[in-house]
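Asker: I'd like to go over a predicted model; first the sequence, then the structure.
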Amino acid sequence: MGAMPFITSPRQTYDFIVCGAGTSGSVVARRLAENPAVSVLLIEAGGTDQVPSVTAADQWPLNLGSERDWGFAAVPDAHVNGRAVPMSMGKVLGGGSGINLMVWARGHKADWDYFAFESGDTGWGYESVLDIYRRIEDFHGDPDPGYRGTGGPVYVTPAPDPNPLAPATVEAARTVGIPTFENQNGRMMEHAAGAAITDIRARAGRRQSIFGSYVAPVLEQPNLSVITSALVTRVSIDGARATGVEMLYDGRRHHINASAEVILSLGAIHTPKVLLHSGIGDSAELRRVGIPLRVHLPGVGRNLQDHPGFDCVWEYRDPQTPRNNASEATYFAPSAAGMEAPDLQTCQAEVPKSSAENIARYGLPEFGWTLFAGVVRPKSRGHLALRSANPLDPIDIHANMLAHPDDVRAAVAAVQLCREIGNSAPLRPFTKREVMPGNLCGAELERFVRDAASSYWHQTCTAKMGRDAMSVVDAQLAVYGVKGLRVADGSIMPRVTTGNTMAPCVVIGERAADIIGTEHEL
């Protein structure tokens with residue numbers, strides 16, 4: 001792919017302005033630009049994705065803390081023993097799909113049926129979404145036509161030629177009663193538990209970001225403009241209609257007009273931040289920092305959800321070299337009997353990793369592997385709070401992780417399950433010793449969990465879709481009270497999906513594009 005035709009001086013007016021070239025925004029921009037009569041501007045705050053740490057699938061850890069990471073951190077919180085949990089999010093073309101672990105996890109049937117219930121629209125239900133997944137996938141595993149698609153823009157494959165640790169982990173899950181499946185995104189997402197080799201978005205060792213799959217192939221189209229290193233700060237509103245955006249670019253403020261719509265795809269931190277700075281949010285919150293109220297929507301920046309994760313670490317008996325994305329096995333399970341959907345997920349990592357607090361306490365082996373347990377149906381809810389009316393000031397992230405006692409119980413169950421699996425017979429050939437947590441119980445195990453809690457980087461739900469007073473968008477993703485303004489990213493989720501969030505964000509982008517296309521007769 002040669003020099004990309006990015007623009008440096010945007011026109012004054014476009015039909016559609018898509019803010020954020022991440023997972024959802026890339027999909028929306030591509031789909032809208034498929035109509036040659038429509039002009040689309042895609043605005044990205046980050047820079048190029050043509051760097052080795054992005055393109056090489058095994059180099060993803062190098063992006064964490066780099067200029068391609070927003071580098072958010074939650075405010076210190078007593079529920080995680082006073083720690084400020086780091087929250088990485090992609091600041092690069094492709095957004096999260098440019099720096100993440102490339103795991104393709106569709107979400108559970110129960111998630112999508114819940115979305116349909118909350119929105120009152122069956123188009124968000126599991127059967128409808130399954131059709132979208134079949135249409136967009138290019139699946140390179142064993143044929144599964146009832147569930148998987150081929151020939152679409154999204155290359156997906158079960159991790160090829162995985163580290164022997166991965167199939168051993170799937171077998172270990174089976175020995176404790178978790179059923180195994182042919183792939184993680186077919187029938188498995190209709191069951192309460194399952195284990196499989198991980199579906200990943202990497203091909204011949206190279207990351208397949210959503211920007212790379214959707215936008216890069218059509219960059220030469222004259223009706224699609226992409227600008228990088230441009231920070232969207234506000235939506236311009238005239239009366240009750242969004243008319244464009246304000247952005248900082250090249251050290252100056254620019255106003256760009258949108259004759260049809262503005263679509264915010266800035267992610268679960270910056271989408272609500274831009275809404276608040278535009279005067280859309282809770283009236284008391286806006287008054288507190290001196291922003292004039294446009295629309296009172298008390299749900300903006302509320303309902304923040306994430307999957308808290310907990311590292312359980314073993315030292316290798318004989319070091320194994322990580323392969324693919326270094327995370328090639330996953331399992332889902334319920335924390336209690338009788339549940340219809342899983343509330344726990346574990347992703348295996350072929351490297352040792354942990355929180356700073358637990359590294360200080362337990363040490364980290366030079367060569368090891370990790371079971372990264374997660375609570376995927378958290379009951380804790382966080383919120384965002386502006387510091388001031390200045391859009392360049394950061395926003396405070398009150399993650400509230402592990403605030404709900406049920407999340408602590410689920411986290412303890414997740415860690416206990418990891419220990420049962422990690423110490424089982426199929427994994428013993430790989431193991432010299434268990435590094436952490438060891439055989440803890442009661443208050444000591446709870447302390448470990450609170451010290452271990454980290455973000456799975458699945459921040460979502462801060463501009464939720466629904467019909468109650470705390471909803472920000474309707475079933476068509478239109479912002480209540482403002483014409484010509486939509487949100488299409490993970491912030492619209494009423495509840496975080498069961499599993500990694502990239503694939504659901506692609507579906508949100510596809511749904512948004514379908515809805516906009518129908519409404520504007522594109």
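Answerer: In hand now; what should we look at?

Asker: make it CA atoms for all contacts and neighbour counts henceforth
Answerer: OK.

Asker: show me where pLDDT drops low in the stretch 1-150 of the chain?
Answerer: Applying pLDDT under 70 to the stretch 1-150 of the chain flags the ranges 1-4.

Asker: Where do the helices of it begin and end?
Answerer: Applying DSSP state H, counting those that start in this stretch to the stretch 1-150 of the chain gives helices spanning 23-33, 52-55, 96-99, 109-119, 126-136.

Asker: likewise the stretch 251-400 of the chain?
Answerer: Counting by DSSP H, counting those that start in this stretch, the helices of the stretch 251-400 of the chain are 267-277, 283-289, 356-362.

Asker: From the recorded domain assignment, give the ranges for the chain.
Answerer: Domain assignment of the chain by automatic domain parsing yields the ranges 13-52+209-299+460-519, 160-197+308-377+402-452.

Asker: which of those is buried the deepest?
Answerer: Most buried of these by mean neighbour count (mean count of other Cα atoms under 10 Å) is domain 13-52+209-299+460-519; its value is a mean of 22.

Asker: Now do the same for the nearest residue to residue 429 once chain neighbours are set aside: its pLDDT.
Answerer: Computed as Cα to Cα, 6 or more residues apart in numbering, the closest residue to residue 429 that is not its neighbour in sequence is residue 317, at 7.2 Å. Per-residue pLDDT puts residue 317 at 98.

Asker: if I look at residue 317, how far off is residue 248?
Answerer: Distance, residue 317 to residue 248, by Cα to Cα, to the nearest Å: 53 Å.

Asker: in this structure, which segments are predicted with low confidence?
Answerer: Checking the chain against pLDDT under 70 turns up 1-4.

Asker: hmm, 90 instead?
Answerer: 1-5 (pLDDT under 90).

Asker: Need the single longest strand in it, by residues.
Answerer: The residue-count maximum for a strand in the chain (DSSP state E) belongs to strand 252-264.

Asker: Touching that one from outside, list them.
Answerer: With contact meaning Cα atoms under 8 Å, 6 or more residues apart in numbering, strand 252-264 is reached by 10-20, 25, 235, 242-248, 271, 484-489.

Asker: Show me those residues that map onto strands.
Answerer: 13-19, 235, 242-248, 485-487.

Asker: Quick check: residue 504 touching residue 106?
Answerer: Yes: proximity of residue 504 to residue 106 meets the contact threshold set by Cα atoms under 8 Å, at 5.8 Å.

Asker: How many residues are close by residue 200?
Answerer: 24 (other Cα atoms under 10 Å).

Asker: quick one on the thing from earlier: need the helices of the stretch 251-400 of the chain in JSON lines with distance to residue 83, can you?
Answerer: Output for the helices of the stretch 251-400 of the chain, formatted as JSON lines (distance: least, Cα to Cα, whole Å):
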{"stretch": "helix 267-277", "distance to residue 83": "19"}
{"stretch": "helix 283-289", "distance to residue 83": "25"}
{"stretch": "helix 356-362", "distance to residue 83": "9"}
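
Asker: Looking at those, spot the one closest to residue 59.
Answerer: Taking Cα to Cα, helix 356-362 is the member of the helices of the stretch 251-400 of the chain nearest to residue 59, at 21.1 Å.

Asker: chain center to that closest one: distance?
Answerer: Distance, stretch centre to chain centre, for helix 356-362: 27 Å (Cα atoms, centre = their mean, to the nearest Å).

Asker: What segments of the stretch 401-522 of the chain are helices?
Answerer: In the stretch 401-522 of the chain, the helices defined using DSSP H, counting those that start in this stretch lie at 405-422, 442-452, 502-519.

Asker: ok, residue 84 touching residue 78?
Answerer: No: Residue 84 is beyond contact range of residue 78, at 9.6 Å (criterion: Cα under 8 Å).

Asker: Neighbour count for those two, which is higher?
Answerer: The neighbour count for residue 84 versus residue 78, taken as other Cα under 10 Å, is higher for residue 84 (18 against 14).

Asker: Could you tell me how many residues sit around residue 142?
Answerer: Around residue 142 there are 11 residues (other Cα under 10 Å).

Asker: now it: how far from residue 184?
Answerer: Remark: distance between residue 142 and residue 184 (Cα to Cα) = 12 Å.

Asker: Grab the nearest non-local neighbour of residue 247.
Answerer: Per Cα to Cα, 6+ apart, closest to residue 247 is residue 232, 4.2 Å.

Asker: so where does the one you found fall, helix or strand?
Answerer: Using DSSP states H and E, residue 232 sits within strand 230-238.

Asker: Measure how that strand sits relative to helix 267-277, angle-wise.
Answerer: Strand 230-238 runs at 40 degrees relative to helix 267-277, counting by axes from the mean of the first three to the mean of the last three Cα atoms, to 10 degrees.

Asker: Need the contact partners of strand 230-238.
Answerer: For strand 230-238, the surrounding residues in contact (Cα under 8 Å, 6+ apart) are 19, 43-46, 242-250, 262, 274-275, 277-278, 391-392.

Asker: residue contacts, residue 425?
Answerer: With the criterion set at Cα under 8 Å, 6+ apart, residue 425 makes contact with residue 172.

Asker: I meant residue 396, not that one.
Answerer: 74, 75, 384, 385, 386, 387.

Asker: how close does the second one sit to residue 381?
Answerer: If you measure residue 75 against residue 381 using Cα to Cα, the figure is 14 Å.

Asker: who's more crowded, the two?
Answerer: Neighbour totals were compared for residue 75 and residue 381, and residue 381 leads with 19 against 16 (other Cα under 10 Å).

Asker: So the more buried one sits against residue 304, correct?
Answerer: Yes: taking contacts as Cα under 8 Å, residue 381 lies within contact range of residue 304: 5.4 Å.

Asker: shared neighbours of these two, which are they?
Answerer: residue 399.

Asker: Pairing partners for the longest strand of the chain, with directions?
Answerer: If you go by DSSP bridges, strand 252-264 pairs up with strand 13-19 (parallel), strand 241-249 (antiparallel), strand 485-487 (parallel).

Asker: Now do the strands in the stretch 251-400 of the chain.
Answerer: Under the criterion DSSP state E, counting those that start in this stretch, the stretch 251-400 of the chain contains strands at 252-264, 280-281, 295-296, 308-316, 329-333, 344-349, 368-375, 383-386, 395-398.
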